[in-house]
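Engineer: Fold the following and give me the result.
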Amino acid sequence: MNRVDAHQHYWSVKRGDYGWLSPRDTVLYRDFMPADLMDLLADCGVSATVLIQAAATEDETRFLFDLARRYPSIAGVVGWVDFEAGDIDARIDRLIRVGGGKLKGLRPMVQDISDTTWLARASLDMTFDTITAKGLAFDALVKPQHLAVLEQRLCRHPALRAVLDHAGKPDIAGARFDTWSAQIAQIARNTTAYCKLSGLLTEAGPNAGIAELDAYVAHVFACFGAERIMWGSDWPVVTLSASYNKWFELSNELVRRHASGYEDAIFASNAIRFYRLGSPDIPE
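Structural biologist: Numbering: from 1, shown residues only. Presented below is the predicted three-dimensional model:
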């Protein structure tokens, strides 16, 4: 099976536009580039990845395009654009052109926006309609307090291909299951959104494992079904809690528990279909 990592990052600190990253982040405040990941991908049999933006600038998206041109393992890029720009149509067209076929989706960093109702703004309607019309996907980087307004946004755009990053970042360490779980169930029931099996170890705190994650993962599979879930490493952020290989091993065990027989879908074909990667982009 040619596995696909549907969520990973590269960054170069000297670029200077990672607003969330500071020298206090002793694990993450350094460069993470393709040479650092290649052996890990090979160890886990991952042949292609989707590279996700980590800075709220178009310059960073162009940096990711440059990496994608040089490293064939990068099957697609989810970039950033100013969702409130008056010339949003032209901006997206430029990114599509510069990306040379690698731009697969767009992601505003909703979790970092102080207005928790930002997604509800009517001024964003045209942007989401444009994303849909241009055949791009929308990655929702949100926390539990954003889930209700995310559902409203997705219901306004039923043709939009959307995926919930990191299962909506439940507060696993704080054992806050009930409100998150109810909102996840509603999004899965009322929209066509997909969900990423990613980022959960980071939300669970140090030394977390199957026992801490199991109820949350079981709920995600019960709500979305194996056909709407894709695996991602969230590397290098995952290294705050575990190695790439450890998260891959845990994920395989969780999938065996909750979606046995659907490994190919979760670790490859769902991401290929959702992001429209196409087999030519994925090296054998």
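
Engineer: can you map out the strands along the stretch 51-200 of the chain?
Structural biologist: 74-79, 103-106, 137-140, 161-164, 194-197 (DSSP state E, counting those that start in this stretch).

Engineer: Now tabulate the ones you listed in a markdown table and tack on mean neighbour count and mean pLDDT.
Structural biologist: C-beta: built from backbone N, CA, C; applies to glycine. Listed next are these as a markdown table, based on neighbours: other Cβ atoms under 10 Å; pLDDT from 0 to 100:
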| stretch | mean neighbour count | mean pLDDT |
| --- | --- | --- |
| strand 74-79 | 26 | 98 |
| strand 103-106 | 24 | 98 |
| strand 137-140 | 24 | 98 |
| strand 161-164 | 24 | 98 |
| strand 194-197 | 26 | 98 |
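
Engineer: Phe63: which of the ones you listed is closest?
Structural biologist: strand 74-79 (9.8 Å; Cβ to Cβ).

Engineer: just for this structure, where's the confidence low?
Structural biologist: Scanning the chain for pLDDT under 70 picks out 1, 279-284.

Engineer: doesn't Val255 make contact with Glu263?
Structural biologist: Yes - using Cβ atoms under 8 Å, Glu263 is in contact with Val255, at 5.8 Å.

Engineer: of these two, who's got more company?
Structural biologist: Applying other Cβ atoms under 10 Å to Glu263 and Val255 shows that Val255 carries more neighbours, namely 22 against 17.

Engineer: mind checking how far the helix or strand harbouring the more buried one is from the chain centre?
Structural biologist: Element membership for Val255, per DSSP states H and E: helix 244-258. The chain centroid and the centroid of helix 244-258 are separated by 17 Å under Cα atoms, centre = their mean, to the nearest Å.

Engineer: helices or strands up against it?
Structural biologist: The helices and strands touching helix 244-258, judged by 3 or more Cβ pairs under 8 Å, 6 or more residues apart in numbering; DSSP states H and E, are helix 34-44, strand 194-197, helix 210-224, helix 263-264.

Engineer: now with 7 Å?
Structural biologist: helix 34-44, helix 210-224 (3 or more Cβ pairs under 7 Å, 6 or more residues apart in numbering; DSSP states H and E).

Engineer: and the helix or strand just after the longest one, how far from the chain's centre?
Structural biologist: Which is helix 210-224. Remark: after helix 210-224, the chain's next helix or strand is strand 229-231, criterion DSSP H and E. Centroid displacement of strand 229-231 relative to its chain, using Cα atoms, centre = their mean, is 10 Å.

Engineer: how about the helices and strands packed on helix 244-258 in JSON lines, adding distance to Thr132 and mean neighbour count?
Structural biologist: Listed next are these as JSON lines, based on distance: least, Cβ to Cβ, whole Å; neighbours: other Cβ atoms under 10 Å:
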{"stretch": "helix 34-44", "distance to Thr132": "31", "mean neighbour count": "15"}
{"stretch": "helix 210-224", "distance to Thr132": "21", "mean neighbour count": "17"}
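
Engineer: With distance to Thr127 added, can I get these in TSV?
Structural biologist: Shown next, in TSV, are these (distance: least, Cβ to Cβ, whole Å):
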stretch	distance to Thr127
helix 34-44	31
helix 210-224	25
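
Engineer: out of the strands of the stretch 51-200 of the chain, nearest to Ala222?
Structural biologist: Closest to Ala222 of the strands of the stretch 51-200 of the chain, according to Cβ to Cβ: strand 194-197, at 11.4 Å.

Engineer: Within its sheet, name the partner strands of that closest one and how each one runs.
Structural biologist: strand 161-164 (parallel), strand 229-231 (parallel) (DSSP bridges).
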